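Engineer: Got a predicted structure plus its sequence, pasted below:
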Amino acid sequence: MSHPQSYEILLVPGFAEDTAEAAEPGGAIRSAVVTATGETGASGYPRYSGEGVVADIDPATHTVEALLVDGAELDYGLSVRIKESKADSNAGG
C-alpha cells in the first residue's frame, strides 16, 4: 500500500464540525508541512515530521492518531486537520 509522502497539518481553534471550513487557510492558527520519516510511530501508523510537528497519521482514513507540536501534546481548545499535500495529490499515487 502506497502512503502519501507529505501532508499539511492545520491547527484550528476549538472543535470544528465542518472540516472543510476548518481546513481553509484563514481558519488555521498554525500550519506545517510534514513528510514521511519511514518510521512507524508508537500508535502503529506511519510517522510524519516537519516544521516542529510530529504526527502519526492513518493513511487509509487520514486521521491523526498522535501529534506533538514543538515537543508537546496539543493544547486544550485546539483541533488538528490534515490535507494531503498538493504534490502528492497531483502524483496520482
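Structural biologist: Arrived safely.

Engineer: Go through the strand ranked longest in the chain and flag the buried ones.
Structural biologist: Longest strand in the chain by number of residues (criterion: DSSP state E): strand 30-40. When burial is assessed from 16 or more other C-beta atoms under 10 Å, strand 30-40 yields the following buried residues: 31, 32, 33, 34, 35, 36. C-beta here means a position set from N, CA and C on the backbone, and glycine is covered the same way.

Engineer: cool, stretch 39-56 as well?
Structural biologist: 41, 45, 46, 47, 48, 49, 50, 53, 54, 55, 56.

Engineer: so the first one makes contact with residue 56?
Structural biologist: Spelled out, it's residue 41. Yes: at 3.4 Å, residue 41 counts as touching residue 56 under the criterion of C-beta atoms under 8 Å.

Engineer: can you list residues touching both of these two?
Structural biologist: Listed as contacting both residue 41 and residue 56 by C-beta atoms under 8 Å, 6 or more residues apart in numbering are 47, 65, 66.

Engineer: For the second one, give its distance to residue 11.
Structural biologist: Separation of residue 65 from residue 11 (C-beta to C-beta, to the nearest Å) stands at 16 Å.

Engineer: So the two - more neighbours on which side?
Structural biologist: Counting neighbours by other C-beta atoms under 10 Å for residue 65 and for residue 11 shows that residue 11 has the greater number, 20 against 16.

Engineer: Pairing partners for the closest residue to residue 29 other than its chain neighbours in the sheet, please.
Structural biologist: Nearest residue to residue 29, sequence neighbours excluded (C-beta to C-beta, 6 or more residues apart in numbering): residue 11, at 5.6 Å. Beta-bridge partners for residue 11, by DSSP bridges, are residue 30, residue 80.
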